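# sequence plus the predicted model coming up.
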Amino acid sequence: MSFAIIETGGKQYKVSASKILEIEKLNAKVGETIKFKNVLLLNYDKNTEIGSPSIDGATVEAKLLDNVKDRTVLIFHKRRRKHSRKKNGHRQRHSKIQITKIMSKDGKVIDEAKFNVTKKTVKKETVEKKKVTKK
């Protein structure tokens, strides 16, 4: 099993082909292909490449599936005996991506996604299932 460790948004993620994960929000449109050039580690065919700090030329390609918001985090401040309270909320924005390709520093494709799961195909499948169950 081949995988890579990439860094984006100040965090590190272990990724493999066709994996779907949520990362910090990216400024891109839904459906665009994104290239991550900050690859810290590559593991494939019993070989491991470790960058110092990153591997030059290695890239990971991903497809942006959706920009979503996280659940609400409530911030509540109360000062006792002062009749003072403040309630605030925050919803962090995330980007949902699917890894499509992992490429080594010489441009060779290490791992590639065999199928692409998109939001539209998932909705169509659920609608078809509902129609079948009604009959």
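Okay, I see it.

# of all the residues in stretch 24-38, which ones are buried?
Residues L26, I34, F36, N38 are the ones in stretch 24-38 that count as buried (16 or more other CB atoms under 10 Å). The way it works is simple: take the backbone N, C-alpha and C, and place the C-beta from them, glycine included.

# which strand or helix spans A62?
strand 59-69 (DSSP states H and E).

# give the pairing partners of that strand; include direction for each.
Strand 59-69 has these partner strands in its sheet, going by DSSP bridges: strand 33-36 (antiparallel), strand 93-103 (antiparallel).

# who touches that strand?
4, 6, 15, 20, 22, 25-26, 28-37, 39, 91-103, 116-119 (CB atoms under 8 Å, 6 or more residues apart in numbering).

# given whichever helix or strand comes after that strand, what are its sheet partners and their directions?
Next along the chain after strand 59-69, taking DSSP H and E as the criterion, comes strand 73-79. Using DSSP bridges, strand 73-79 pairs in its sheet with strand 84-90 (antiparallel).

# neighbours of K82, just the number please.
The tally of other residues near K82 (other CB atoms under 10 Å) stands at 7.

# tell me the bridge partners for the residue nearest to A58 when sequence neighbours are not counted.
Nearest residue to A58, sequence neighbours excluded (CB to CB, 6 or more residues apart in numbering): V39, at 4.1 Å. Here V39 sits in beta bridges with I6, going by DSSP bridges.

# and the nearest residue to E61 once chain neighbours are set aside, how close does it get to S84?
Once flanking residues are discounted, E61 sits nearest to K101: 4.2 Å by CB to CB, 6+ apart. As judged by CB to CB, to the nearest Å, K101 and S84 stand 55 Å apart.

# and these two? Which one has more around it.
Counting neighbours by other CB under 10 Å for K101 and for S84 shows that K101 has the greater number, 17 against 9.
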